[in-house]
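Asks: Need a 3D model of the sequence below.
(chains A, B, C and D)
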Protein chains: 2
Amino acid sequence: MQTKTLDEILSTLTQNDQGVPLYRRVEERLKSAASLEQFQNGALFPDELTLANRLGVSRGTARAALSRLVQQGLLERKAGVGTRVARPKPRSGISAWRSFSREMAEKGIPVETYSSECRAHPATAVVAQALQLEPRTPVLRLDRVRGWGGVPVLFSSSWLHPRLQLTGAEDYSKPLYDVIESASGIVAEKAREDFTAVAASAVLAKRLGVKPGSPILLRCHAVCEANGRPIEYAEVNYVSSRFTLTLDLRRESLGA
Amino acid sequence: MQTKTLDEILSTLTQNDQGVPLYRRVEERLKSAASLEQFQNGALFPDELTLANRLGVSRGTARAALSRLVQQGLLERKAGVGTRVARPKPRSGISAWRSFSREMAEKGIPVETYSSECRAHPATAVVAQALQLEPRTPVLRLDRVRGWGGVPVLFSSSWLHPRLQLTGAEDYSKPLYDVIESASGIVAEKAREDFTAVAASAVLAKRLGVKPGSPILLRCHAVCEANGRPIEYAEVNYVSSRFTLTLDLRRESLGA
DNA sequence: TCAAGCTAAATGTTTAGACATTTAAATATG
DNA sequence: CATATTTAAATGTCTAAACATTTAGCTTGA
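Replies: Numbering: from 1, shown residues only, chains lettered A, B, ... in the order given. Below is the predicted model of the structure:
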């Protein structure tokens, strides 16, 4: 990309490129101009009227092009002051911002299970509510302590709906939803997540190797099928100092 | 929300609301009109000239308002045909999030704001990273203590990207994303949420009226446009004993 | 000296009108 | 009947002009 001067870039537009709207052609010129060294320090861009005259278009057209570039984040305008090139984005490194858990998953660092126990317990009120069962119905409960690198990170209790017909003898070293799907053909689709912070109880502290009272991220997790029938209810206790839970979300659609 | 007729919505604008640009007032009217039942089936919206005449503005102004709504994804235009209300795109995505006040409003809980301060601070390393700015760039920061029934529930700090061109004088009693959208036309679309639990610091404890060391749910929240450009980075501290954060998630769809 | 007020320069808003382009449907034509 | 062609109606582009608002810097007066 040979560097042109501002004058060259802003020379009057040719008659070519017909079919492409004027403001688009102006936009391209201005984009080139914005990349000029002289505007990288926050120096003012030429004003709208000057640009319009130099390019041989009306102020409206120049302004339309400028507005598009502002919208695109390349320029910044301030009433009464002028237009500047927005600070260049530092680095393409979009990814430097990663959660521990995601990092683990992507790097394939194996999650270790330090204890695992699976047997039936009568449903508590909360569990019964979540799984839409009568309280005290026997439900298979999977308790696990997991982590990586020899350090426990979480303690989880999962209650699995009797409808799934699990025996407790399945291979729970595989991802839970794979186990459920291959055992029963039921597909997890929706989940409701509740997040709270709690102080570690004595029992929990001992299991996770932290001091009682340490901050614990408690995630209560109700999973169901697409049709809304409940599959699993889980309570996961994360040692906060060792783990950050990251979610990528999209906004709920606006209309209706 | 009482349903007005199209005629009522498109009655000539009053002289009130001075200081708010015409095209913005028109935008609001058109947004109301677009929610009307009669346009939900793909029926054509009134044409630009009709809208302009009915509202008593020029075509240019009506068109500016329409363009903003197109930009926001609410309307679709087609040359030679007309304007229609866009069908909400099938957000195949993982999930949904709503603003805090919107969430609470849906539950009928009026959110109260106990303190609110908005002024520019130099970006910290974390903030600069999240907003893709240079560290120490001045960024508008909105600090709030909110809750309900006279009890504080959360302390939040929101850093708003300079690109939004907010002044700090906006009406932050409205949902934040409405403020951003109406001020700049920029639509929040995606978010990345990090959850951890922390113990309340002395300063935080005082602000929220809890004992130091109490469990706090810390939610770090990076919001961006559909194209990935950052809008807001926020750190929200919830008093865990008074609040549970709930998210509804869907499994990422396979097709498309 | 310092603050209030003025001023010039920039962006922001609004209008009116002309013409171009695209589209769907009506109309002519083979 | 099927295919061009025309046409009307909508959005798309562009201009010129006027006035409003915001801001930084200058000027002035206490």
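Asks: Assign A:Gln38 to helix, strand or coil.
Replies: When classified by DSSP: H, G, I helix; E, B strand; the rest coil, A:Gln38 comes out as helix.
Asks: Show the backbone phi and psi for the closest residue to A:Pro215 other than its chain neighbours.
Replies: Excluding the flanking residues, the one nearest A:Pro215 by CB to CB, 6 or more residues apart in numbering or on different chains is B:Ala197, at 3.8 Å. No exception for glycine: its C-beta is placed from N, CA and C like everyone else's. Main-chain torsions, B:Ala197, degrees, to the nearest 10: phi -110, psi 140.
Asks: got the contact list for B:Ala197?
Replies: A:197-198, A:215-218, A:238, A:240, B:215-218, B:240 (CB atoms under 8 Å, 6 or more residues apart in numbering or on different chains).
Asks: and it, what are its bridge partners?
Replies: Per DSSP bridges, residues listed as beta-bridge partners of B:Ala197: B:Leu217.
Asks: and the two most separated of the contacts of B:Ala197?
Replies: Of all pairs drawn from these, the one with the longest distance (CB to CB) is A:Tyr238 and B:Ile216, at 14.4 Å.
Asks: Tell me which of the two has more neighbours.
Replies: Neighbours were counted for A:Tyr238 and for B:Ile216 using other CB atoms under 10 Å in any protein chain shown; B:Ile216 has more, 27 against 23.
Asks: I'd guessed the more buried one sits against B:Glu235; true?
Replies: No - using CB atoms under 8 Å, B:Ile216 makes no contact with B:Glu235, being 10.8 Å away.
Asks: Low-confidence ranges, chain A, go.
Replies: A:1-2, A:14-17, A:88-109, A:250-256 (pLDDT under 70).
Asks: Just say helix, strand or coil for the closest residue to DNA strand D within it.
Replies: Of all residues in chain A, A:Gly80 sits closest to DNA strand D, at 2.1 Å by CB to the nearest atom of the strand. Put simply, A:Gly80 is coil when judged by three-state DSSP.
Asks: That one - how many residues pack around it?
Replies: So A:Gly80, with other CB under 10 Å, has 4 neighbours.
Asks: can you pull out the strands in chain A?
Replies: A:75-78, A:82-85, A:112-122, A:138-148, A:151-160, A:190-199, A:215-224, A:230-239, A:245-250 (DSSP state E).
Asks: any idea how far A:Arg136 lies from chain B?
Replies: Distance, A:Arg136 to chain B, by CB to the nearest CB, to the nearest Å: 25 Å.
Asks: correction: A:Ala188
Replies: A:Ala188 sits at a distance of 6 Å from chain B (criterion: CB to the nearest CB).
Asks: In this structure that residue contacts A:Ile180, no?
Replies: Yes - proximity of A:Ala188 to A:Ile180 meets the contact threshold set by CB under 8 Å, at 6.7 Å.
Asks: Between these two, which has more neighbouring residues?
Replies: Between A:Ala188 and A:Ile180, counted using other CB under 10 Å, the more crowded position is A:Ile180 (21 against 17).
Asks: State the distance from that one to DNA strand C.
Replies: Between A:Ile180 and DNA strand C the computed distance is 48 Å (CB to the nearest atom of the strand, to the nearest Å).
Asks: residue contacts, that residue?
Replies: Taking CB under 8 Å, 6+ apart as the test, what A:Ile180 contacts is A:160, A:164, A:166, A:186, A:188, A:231-232.
Asks: quick revisit: what residues do A:Ala188 and A:Ile180 have in common as contacts?
Replies: A:231-232.
Asks: who's in contact with the residue lying closest to A:Thr137 once chain neighbours are set aside?
Replies: Nearest non-adjacent residue to A:Thr137, counting by CB to CB, 6+ apart: A:Ala123, 4.9 Å away. A:Ala123 makes contact with A:131, A:133-139, A:159, according to CB under 8 Å, 6+ apart.
Asks: beta partners of A:Cys224?
Replies: Applying DSSP bridges, one finds that A:Cys224 bridges with A:Lys190, A:Pro230.
Asks: residue contacts, it?
Replies: A:188-191, A:230-231 are the contacts of A:Cys224 under CB under 8 Å, 6+ apart.
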